[in-house]
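Enquirer: here is the input, now give the coordinates:
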Amino acid sequence: MDNEAAIRQLAHEVDAAYNDADPAKMAGYWTENGLNVNPFGDRFEGRANIEADLRDGLNGFMKGSRHELTVRHVSSLQERTAVADGTATITGILGFDGTTMEPLTSDFSMICSRGHDGGWQIAQMRAYRFIPKQG
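Expert: Model prediction:
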């Protein structure tokens, strides 16, 4: 499997773990000292902290929601490093009134590293939004 296909598969596996409400499995796709900046701008360093944040969300306001990473572009920087850019979409979040909220979307950049076993992990994932262009 080439690097681009492997990174797209990694994104799919992250989605599957989220959609199975398995924060430990999802956090396991990050390196031990990985970084996650979520769409709210919160920063979590280290797999244990990433897992704790995911657990809080999946057991709290994001319970029952669905996650989809759409990878738009993958660049291989070195043999063991790649960067992916795309859009993250979370659907099915219930508002305070019990109705389903509009989907939450943000762009993301994901720096991935390949271990000696050939498997890819996320070293850093950062959510962000672009400022709309004016007229």
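
Enquirer: which strands or helices does the longest strand anywhere in the chain pack on?
Expert: Assignment by DSSP state E gives strand 66-78 as the longest strand of the chain. Judged by 3 or more Cβ pairs under 8 Å, 6 or more residues apart in numbering; DSSP states H and E, the packing partners of strand 66-78 are helix 3-19, strand 81-91. To be clear about C-beta, it is placed using only N, CA and C from the backbone, and glycine gets the same treatment.

Enquirer: mind doing that once more with 10 Å?
Expert: The elements that strand 66-78 packs onto, with contact taken as 3 or more Cβ pairs under 10 Å, 6 or more residues apart in numbering; DSSP states H and E, are helix 3-19, strand 81-91, strand 104-114.

Enquirer: pull out the buried positions in it.
Expert: Across strand 66-78, burial judged by 16 or more other Cβ atoms under 10 Å covers 67, 68, 69, 71, 74.

Enquirer: so which of the helices and strands packed on strand 66-78 is nearest residue 40?
Expert: Taking Cβ to Cβ, strand 104-114 is the member of these nearest to residue 40, at 9.3 Å.

Enquirer: which helix or strand lies directly C-terminal to the closest one?
Expert: Sequence order places strand 120-128 as the next helix or strand after strand 104-114, per DSSP states H and E.

Enquirer: tilt between that following strand and helix 3-19?
Expert: On the basis of axes from the mean of the first three to the mean of the last three Cα atoms, to 10 degrees, strand 120-128 is oriented at 70 degrees to helix 3-19.

Enquirer: what about strand 120-128, average pLDDT?
Expert: Across strand 120-128, pLDDT averages out at 97.

Enquirer: before we move on, back to that, tell me which of the helices and strands packed on strand 66-78 lies nearest to residue 46.
Expert: Comparing those by Cβ to Cβ, strand 104-114 comes nearest, at 15.3 Å.

Enquirer: who does that closest one touch, helix- and strand-wise?
Expert: Counting contacts by 3+ Cβ pairs under 10 Å, 6+ apart, strand 104-114 packs against helix 3-19, strand 30-37, strand 66-78, strand 81-91, strand 120-128.
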